[in-house]
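J.: next come a sequence and a model predicted from it.
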Amino acid sequence: MQILAITTARIACIDGDLSTAEELLTQDINTDVNNHTSYAHRSFVRARISDWDRALQDAIKSISIQPSLTGYISKGITLCGKGLVRDVRAAFDVASMYTNEDSETIHFLLLIKAIALFNAGQHDEALLLLKELAAGCPNADTSACHIVEAYLHVQLGIKALDGARHDKASDHFTAALSSSNLSSKSDIHEIYEDLVVLFGWDLKSLWLTAHQKQCQAFLSAGKVNEALESHRSMMDNIDKTTKASCLDWSTVFTEQCSAPFLASGDAALAASDFDRAIVLYSAVIDLTSAFDAVFANRSKAKLGKRLWMEALLDAQKVIQLNPSSHVGYKLKYAAFHGAQRYDEAIVAFQTMLSKLDHAPDTETRKLCQQYLRPSEVDRAIRKVIDAQLENAPLRVLDTTSGLLCDRETQICTFKSSMEYKELVSSTFTHRDIQMKRIEEVVITYFRFVMLSHRWEGKEPLLQDIQGKVVYELDPVGGIKKLQSFCKTARDAGYRWAWSDTCCVDKNNDVELQASVKSMFVWYHHSALTVVYLSDVPPSSKSGALVKSAWNTRGWTVQEFLAPKVILFYQKDWTLYLDDRTPNHKDSVAIMQELEYATGIDRRVVMNFRPGMRGAREKLQWASTRITTLQEDVAYSLFGVFGVRLHVDYTEKKQSALGRLLQEIIAQSGDITALDWVGESSEFNSCLPADITSYEAPPCKLPSLSENEIQSSVSLLRGGVTLQSASKLYQTLDSLSAPRFAYRRLHLPCIVFPVTETRRRPGRDQDTYMYELKSDELHDLQITTEDKLILFSPARPPAAWQTILLVRPWSRDLLELHDPAYDLQSVEDLTVSESSLHHSPTAQNEPVYSDSTREHCV
């Protein structure tokens, strides 16, 4: 059956030109007023334009002229438009009487009925009828049922979509597209043209409409992934012409899809959910011609995942899309920095700064204030380097390359290192310079290891290794020791090492002076000091350290006192006693042994601080030690006492020691350095000629018993007035501290005139023994090479033969030590010697005086 047959009116209906179709059919009616078919056909046209009343009139007129299938179909369709469902069913029931029991005609009639019922709002009944029709007519064209069903689902989907019932809408569109008879390449429009004529259906775009509406329904339901999958399926299955026709729709749709992805991606990035952010931003990029901000955000997410190279690709895309912006270069810098490609990171950062400097708006240019310029970073780092190297040796060995380096070479090596480049690159982004971080990196890089050892045989000097790789030299003698030391330092994780054999240019007086004066400081600031005991065999037992010749050398005193961290190694460069303590100063066993070997309390070794305190005890520590050069006896103690004196290897030992002792007394006022036994010095007779004069323990006055104290107090109360005692105290308190000036000792002292001398028999023919008496003193026995005049109160000596006992005075004896005395100038200490001989006191009373002496008797 074909509606309107092949007529001009049919073509007009198919093309949607309904007014022309109506006009043509009206002309047919006017030509033949009894043409019932023309009335039925015009009813169809008027129904399509919703002119239901006139359409019903035409349908009734057609039936009145001649009842027919076409007439009753037109009546049923028109009654549907007027909502008269019961009448619709009756009209289609009567229409079935005119099918001549033709199955195809009956099938077509039932399809029209289902559509009419659907249009009357009887959706469920219409769809049920279609299902029953498809199942109950196996020999009929079931594809028509599926096409109609698909179309009706699309209509339901559109209605649900308009009602914001998005999930329901997506279900209908999915049902429509699941029909096996509906595809992008189907010619259903031509096959089922009667449906187009009767209802104006657009079957050509049914598949495309279903897909587009399904995409929109999924998107509106928040099912973006399903929407994108539907879109992808649609675009993959349409021809080029169709694809071009829906390109605008596709663009708008993908942009709509990208919006929630973009918003969700931003939220994920803010929450540091980098994996999700990458997925979402990637979806946006896949959907649209994404702008630079999307690539920038995906680059940030990839940076968060440490996907440096992938982040770099996105950063380069940002630069490509917006070359004038600084953002792409900022991301490029971060990616290169993360990938440890610091040179490229620095270049990218400098380009970023340039973009900011030349930005058109003020606010963007102000962003420069968040960053540091490369020159600022370099100055800050150099300042820390200079401060660090102030307490480091002038030359060191590079344990990595085996080359000897001066400070500038060290700095150049650092600046070419990954550590420096990483530090520079990471410091750019902190407006407030992170000095702590810079200090940590610089200190770690420039850490150095010092060697403490005993010179043996031919040691390598600076000229022997300069410009050569230590590891490539012939491993004999001192070279082998140096190689092992460098390897030990390198294996412990230290880049720099120092040995006194080859790291000082001993032909350069300025460098030699600086090295000797600074050596204690270098050892103190070393990360580690390695003590090499060449005479301690492998696997030695406890006690071997005591016997080592290392304990006899003068320079080694400061080399174990100054460092914070120290490790002892045996001959084969294994740890002494196999002690794995990170710092042997924390090893009780080794420190006890060192205390026994040196006589220095282990607590002092662990916490030593240079200075003048305990000067006499420190001199005793060095009294048994020897040095190759005699002047080094004194020079090796400069750091221990914290003094910086001129170094002159042409002076005599007595001069070097004298200058040191003079400085100790001059700075501290400590007279315990005058407590020695032995030959006097040519420098000043109050000082010893040799350090060995301090070997004897320091003189300690015996403590008075409680009875002796009470007895003395009682004696004073009975024989000394308060005024006299006060005057004595003031006299003692006013005496100046000991000082040296122009090699003359300014020594406050108490002078006791000797009242009687007696010769005592002695065993040594070269010396004389005497017993001396003086008021207020116990009898005193002395041994001297000088022959004294014998006298007594009954036979007093001549004035020029007077013998005096001199007791050096220290304000410490008052137990009221005033540090201000330590700051007095030399001029304050100049006191006339005449006070000794022109005192108003009696001849035999003690005299309290500031004496200036070049020599002591």
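T.: Structure's in. What do you need?

J.: all strands of the stretch 501-650 of the chain, in order?
T.: In the stretch 501-650 of the chain, strands defined by DSSP state E, counting those that start in this stretch lie at 528-532, 566-569, listed in chain order.

J.: adding distance to Tyr494, write these out as CSV.
T.: Quick note: C-beta positions are derived from backbone N, CA and C, even for glycine. Listed next are the strands of the stretch 501-650 of the chain as CSV, based on distance: least, C-beta to C-beta, whole Å:
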stretch, distance to Tyr494
strand 528-532, 7
strand 566-569, 12
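
J.: looks like Val94 contacts Gly71 (just checking).
T.: No: between Val94 and Gly71 there is no contact under C-beta atoms under 8 Å: 9.6 Å.

J.: more neighbours: the two, which one.
T.: Neighbours were counted for Val94 and for Gly71 using other C-beta atoms under 10 Å; Gly71 has more, 27 against 16.

J.: not counting sequence-adjacent ones, nearest residue to the more buried one?
T.: Nearest residue to Gly71, sequence neighbours excluded (C-beta to C-beta, 6 or more residues apart in numbering): Ser62, at 3.8 Å.

J.: what about that neighbour, how many residues close to it?
T.: Ser62: 26 neighbours (other C-beta under 10 Å).

J.: if we can go back for a sec, could I get the strands of the stretch 501-650 of the chain in CSV, plus columns for mean pLDDT and distance to Arg625?
T.: Below are the strands of the stretch 501-650 of the chain laid out as CSV (pLDDT from 0 to 100; distance: least, C-beta to C-beta, whole Å):
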stretch, mean pLDDT, distance to Arg625
strand 528-532, 98, 15
strand 566-569, 98, 18
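
J.: who wins for proximity to Lys75 among the ones you listed?
T.: Among those, the nearest to Lys75 by C-beta to C-beta is strand 528-532 (109.8 Å).

J.: before we move on, the earlier item: out of the strands of the stretch 501-650 of the chain, which gets nearest to Cys412?
T.: Smallest distance to Cys412 across those (C-beta to C-beta): 24.3 Å, for strand 528-532.

J.: contacting residues around the spatially most central residue of the chain?
T.: In the chain, the centroid-proximal residue (C-alpha atoms, centre = their mean) is Arg437; its distance is 7.6 Å. Contacts here follow C-beta atoms under 8 Å, 6 or more residues apart in numbering; on that basis Arg437 touches 423, 426-427.

J.: just the element for it, please.
T.: helix 435-445 (DSSP states H and E).

J.: what residues sit buried inside that helix?
T.: 438, 441-442, 445 (16 or more other C-beta atoms under 10 Å).

J.: what's around Gln483, how many residues?
T.: Neighbours of Gln483 (other C-beta under 10 Å): 18.

J.: and it, that's in a helix?
T.: Yes: judged by DSSP: H, G, I helix; E, B strand; the rest coil, Gln483 forms part of a helix.

J.: for it, which residues are in contact?
T.: Gln483 makes contacts with 470-471, 473, 475, as judged by C-beta under 8 Å, 6+ apart.

J.: most neighbours, which of the residues you listed?
T.: Val470 (25 neighbours).

J.: roughly how far apart are that one and Lys487?
T.: Distance of Val470 to Lys487, computed by C-beta to C-beta, to the nearest Å: 10 Å.

J.: over to Ala277?
T.: Here the criterion is C-beta to C-beta. By it, Ala277 lies 49 Å from Lys487.

J.: the two: which is more packed in?
T.: Neighbours per residue, other C-beta under 10 Å: of Ala277 and Lys487, the larger number sits with Ala277, 25 against 16.

J.: can I get the helix or strand harbouring Gln216 in PDB, CA atoms only?
T.: Following DSSP H and E, one finds Gln216 within helix 206-220. What follows is helix 206-220, C-alpha atoms only, in PDB (Å, rounded to 0.1, in the frame of the first residue of the first chain):
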ATOM      1  CA  LEU A 206      17.100   9.200  12.700                       C
ATOM      2  CA  TRP A 207      20.300   7.300  13.500                       C
ATOM      3  CA  LEU A 208      22.300  10.600  13.800                       C
ATOM      4  CA  THR A 209      19.600  12.200  15.900                       C
ATOM      5  CA  ALA A 210      19.500   9.200  18.200                       C
ATOM      6  CA  HIS A 211      23.200   9.400  18.700                       C
ATOM      7  CA  GLN A 212      23.400  13.100  19.200                       C
ATOM      8  CA  LYS A 213      20.500  13.000  21.700                       C
ATOM      9  CA  GLN A 214      22.100  10.100  23.500                       C
ATOM     10  CA  CYS A 215      25.400  12.000  23.800                       C
ATOM     11  CA  GLN A 216      23.500  15.000  25.300                       C
ATOM     12  CA  ALA A 217      21.500  12.800  27.700                       C
ATOM     13  CA  PHE A 218      24.600  11.100  29.000                       C
ATOM     14  CA  LEU A 219      26.400  14.500  29.400                       C
ATOM     15  CA  SER A 220      23.400  16.000  31.200                       C
END
